[in-house]
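# Sequence and predicted structure, then a few things I'm wondering about:
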Amino acid sequence: MAFELLTPGEMAEADRLTIAVGPVDGIGLMRRAGGAIADLVLARYPGARTVHVLCGPGNNGGDGYVVARLLAENGVAVGLFATGAPREGSDAALAAAECPVAAAPLAAFAPEAGSIVIDALFGAGLSKPLGSEIVQAIARTAAVGVPVIAVDLPSGVSGVSGDILGSAFQATLTVTFARKKPGHLLFPGRALCGEIVVVDIGITDATIAATGARCFENDPAWWRPHFPSPANDAHKYSRGHVGVFSGGPSATGAARLSAMAAARAGAGAVTVLSPGAALAANAAHLTSIILRRSDTLQDTLAFLGARKPEVLVYGPGLGPEPEVGRFALELMSVADGRFGALVLDADGITSLSHRRAAFFEARKRPNAPALVLTPHHGEFGRLFPEIAADASLSKLEQARAAARRAHAIVIYKGPDTVIAAPDGRAAVNTNGTPLLATAGSGDVLSGIVAALLAQRMPAFEAACAAVWMHAEAARRFGPGLIAEDLPLALREVVAELGR
Ligand SMILES: NC(=O)C1=CN([C@@H]2O[C@H](COP(=O)(O)OP(=O)(O)OC[C@H]3O[C@@H](n4cnc5c(N)ncnc54)[C@H](OP(=O)(O)O)[C@@H]3O)[C@@H](O)[C@H]2O)[C@@H](O)CC1
Ligand SMILES: [K+]
């Protein structure tokens, strides 16, 4: 299934391998790429009066010359504007030579209402911020509000990171080749692509695999085979037991949200581990969730010995104090098979930022539990300040670097949540919704992750599934959503996935 995301470098490698194997050559790929775009334009805009094609100096421009030629051959009035002639001997120069429409300088481009713009200025080869001539062309296009069809990427959007280099077109439709690129899915690029259509230009799945791409668009299609479904003879503990640590008397809700989500996501048993002072508050709100007092590490060890939970959730509602971080380190050091995995969220992450060296050291120990970290942007910056400050890394690369550093699955949350594993696998989530920007929503996510881990779903797949399910539940519930609604809204999502 075609969920890999290719960096521009990996895409260039796929092109190179395809051409090396033959029979299609570089200009052949370009003709296919341009041909697919011309077909889409003709199908989608049959009444377009004029199509303006803007061509850059590289192969993206080459695709543009193919589109211009094919549209002209189909009787469309074509305006062609170029930043300069393509390099002599290049495929783009060949495509330009085959194009019967004369190119005018880009400065002369002035789109009118009713026209369509094909942006073939820069794609995978964007290497620096756009110059003023191009920025002005973008502004003139935006001023008339005509549809823009971007070839490969909206010019100005980095295919690697989704960052905007100076300025960028707001596309109505972006047509890319073989596979999507990270820049299509990471913000702000994602918002500038409009609809994204991936066209097949003859690059095979085997060739994509040969590029070594290890990043994916998050989709149930590839993790669903690992999704847990209870065996017929299941009992509550065989379906996985999750323990969730609660905050003090005035901060217990977060743990209960996490616990409810873990139960709805299929954990057979869920225990809230509460400080004695918060037992009454928790008891007043819990029914099927087990409640157990835990004030000290000894209390927790007694629970681990007696109840043998697979997964612990540590962080929601605990407060950012250093002793919270110290306890997280103690938990990791006593794990030694007493529990399989730890989900560290919210204050569990922030509190460790005071003990980063000890934390990273603890992660190197051979008996350390599996770990899932679920930072949002601020928490990520606190635990991984050097990685967060490295502007040369995309969000995707930052998440990967953090996963390697912490020997953990990292769920780097946001509108474009990235999930990364220490082995280099990564996924970008695409079903997120602003409905999730609500207090307590992160606590629910940590509970879902824990439940899937407790049911023995492999960690990377479990994290990807949890992120997708969380967003899917929010979407289905719709406006008015508060975090309390999410666990129940999960029911339908779990039912469909487990079918
Ligand atoms: N066979 C294939 O490979 C296929 C490729 N295909 C197509 O090729 C595209 C990739 O082509 P590409 O590698 O030539 O890169 P492209 O985006 O055209 O730009 C490179 C040129 O732009 C220049 N430049 C960069 N930034 C700039 C700026 N801000 N301002 C000014 N100049 C700037 C850069 O200059 P340089 O960095 O060298 O100084 C260089 O001259 C890909 O997106 C797809 O559409 C398809 O046809 C399928 C087959
Ligand atoms: K483009």
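That came through, no problem. Ligands and ions are numbered 1, 2, ... in the order given.

# The closest residue to residue 479 other than its chain neighbours: what's it in contact with?
Residue nearest to residue 479 in three dimensions, not counting chain neighbours: residue 435, with 6.9 Å by C-beta to C-beta, 6 or more residues apart in numbering. Every C-beta, even on glycine, is put in place using the N, C-alpha and C of the backbone. With contact set as C-beta atoms under 8 Å, 6 or more residues apart in numbering, residue 435 has these partners: 474-475, 477-479, 481.

# swap in residue 422?
Residue 422 touches 403-404, 406-409, counting by C-beta under 8 Å, 6+ apart.

# care to break this protein down by domain?
Residue ranges for the domains of the chain, per automatic domain parsing: 8-213, 220-498.

# before we move on, the earlier item: which of the contacts of residue 435 has the largest number of neighbours?
residue 474 (26 neighbours; other C-beta atoms under 10 Å).

# ok so, going back, so which of the contacts of residue 422 belong to strands?
If you go by DSSP state E, these have residue 409 in strands.

# Name the nearest residue to the residue nearest to the spatial centre of the chain, sequence neighbours excluded.
Geometric centre of the chain, nearest residue: residue 428, 1.8 Å, by C-alpha atoms, centre = their mean. By the measure of C-beta to C-beta, 6+ apart, the closest residue to residue 428 outside its immediate chain neighbours is residue 185, 4.3 Å from it.

# Am I right that that neighbour is in contact with residue 217?
Yes. If you go by C-beta atoms under 8 Å, residue 185 and residue 217 touch, sitting 6.3 Å apart.

# Which one's more surrounded, the two?
residue 185 (23 against 20).

# mind listing what the more buried one touches?
5, 162, 217, 416, 428, 430 are the contacts of residue 185 under C-beta under 8 Å, 6+ apart.

# that older thread, is it true that the residue nearest to residue 479 lies in a strand?
No. Per DSSP: H, G, I helix; E, B strand; the rest coil, residue 435 lies outside any strand segment and is helix.

# how much space between it and residue 471?
9 Å (C-beta to C-beta, to the nearest Å).

# and what of residue 326?
34 Å.

# higher neighbour count, the two?
Neighbour count, other C-beta under 10 Å: between residue 326 and residue 471, residue 471 has more, with 22 against 16.

# low pLDDT regions in the chain?
Applying pLDDT under 70 to the chain flags residues 1.

# on that earlier part again, narrow the contacts of residue 185 to those in helices?
Of those, none are assigned to helices by DSSP state H.

# Among those residues, which one lies nearest to ligand 2?
residue 162 (14.3 Å; C-beta to the ion).

# thinking that closest one is in contact with residue 394, fair?
Yes. With contacts counted by C-beta under 8 Å, residue 162 reaches residue 394, the gap being 7.0 Å.

# Ramachandran coordinates for whichever residue of the stretch 351-499 of the chain sits closest to ligand 1?
Relative to ligand 1, the nearest point of the stretch 351-499 of the chain is residue 392 (16.7 Å; C-beta to the nearest ligand atom). The phi and psi values for residue 392, taken as degrees, to the nearest 10, are phi -80, psi -10.

# quick one on the thing from earlier: which pair of the contacts of residue 422 spans the longest distance?
Pairwise distances among the contacts of residue 422 were taken by C-beta to C-beta; the largest, 11.3 Å, belongs to 404 and 409.

# Neighbour count for those two, which is higher?
More crowded of residue 404 and residue 409, by other C-beta under 10 Å: residue 409, with 28 against 16.

# That one and residue 97: what is the separation?
52 Å.

# Please enumerate the shared neighbours of residue 162 and residue 394.
With C-beta under 8 Å, 6+ apart as the test, residue 162 and residue 394 both reach 182, 186.

# neighbour-wise, which of those two wins?
residue 162 (26 against 20).

# got a list of what that one touches?
Contacts of residue 162 by C-beta under 8 Å, 6+ apart are 182-190, 394-395, 416.

# what do you get for residue 275?
By C-beta under 8 Å, 6+ apart, the neighbours of residue 275 are 246-249, 293-295.

# Please tell me which one of the residues you listed counts the most neighbours.
residue 246 (28 neighbours).

# Hmm, it is touching residue 273, no?
Yes. With contact defined as C-beta under 8 Å, residue 246 reaches residue 273; the gap is 6.4 Å.

# Quick one: residues contacting the residue in the stretch 301-450 of the chain positioned nearest to ligand 2.
Relative to ligand 2, the nearest point of the stretch 301-450 of the chain is residue 394 (18.8 Å; C-beta to the ion). For residue 394, the contact set (C-beta under 8 Å, 6+ apart) comprises 158, 160-163, 182, 186.

# Point out the residues in this protein that sit beside ligand 1.
Counting by C-beta under 6 Å from any ligand atom, the residues of the chain close to ligand 1 are 12, 15, 26, 29-30, 33, 56-63, 122-131, 151-152, 177, 201.

# Using ChimeraX, define a selection of the buried residues within those.
To isolate in ChimeraX the members of the residues of the chain next to ligand 1 that are buried, counting by 16 or more other C-beta atoms under 10 Å, one can use:
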select :15,26,29,30,33,56,57,58,59,60,61,62,63,122,123,124,126,130,151,152,177,201
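
# Confirm that residue 277 sits in a strand.
No. Membership of residue 277 in a strand is not supported by three-state DSSP, which gives helix.

# three-state assignment of the residue nearest to it when sequence neighbours are not counted?
Residue nearest to residue 277 in three dimensions, not counting chain neighbours: residue 249, with 5.2 Å by C-beta to C-beta, 6+ apart. Under three-state DSSP, the three-state class of residue 249 is coil.

# Residue 249 and residue 278 touch, don't they?
Yes. Using C-beta under 8 Å, residue 249 is in contact with residue 278, at 4.5 Å.

# returning to that earlier point: can I get the contacts of residue 435 in a markdown table including distance to residue 441 and secondary structure?
Putting those into a markdown table (distance: C-beta to C-beta, whole Å; DSSP: H, G, I helix; E, B strand; the rest coil) gives the following:
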| residue | distance to residue 441 | secondary structure |
| --- | --- | --- |
| 474 | 8 | helix |
| 475 | 13 | helix |
| 477 | 11 | helix |
| 478 | 14 | coil |
| 479 | 14 | coil |
| 481 | 8 | coil |
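
# Widest-spaced pair of the contacts of residue 394?
It's 163 and 182 that sit farthest apart of the contacts of residue 394, by C-beta to C-beta, at 10.5 Å.

# quick one on the thing from earlier: so which of the contacts of residue 185 are in strands?
Those of the contacts of residue 185 lying in strands (DSSP E): 217, 428.
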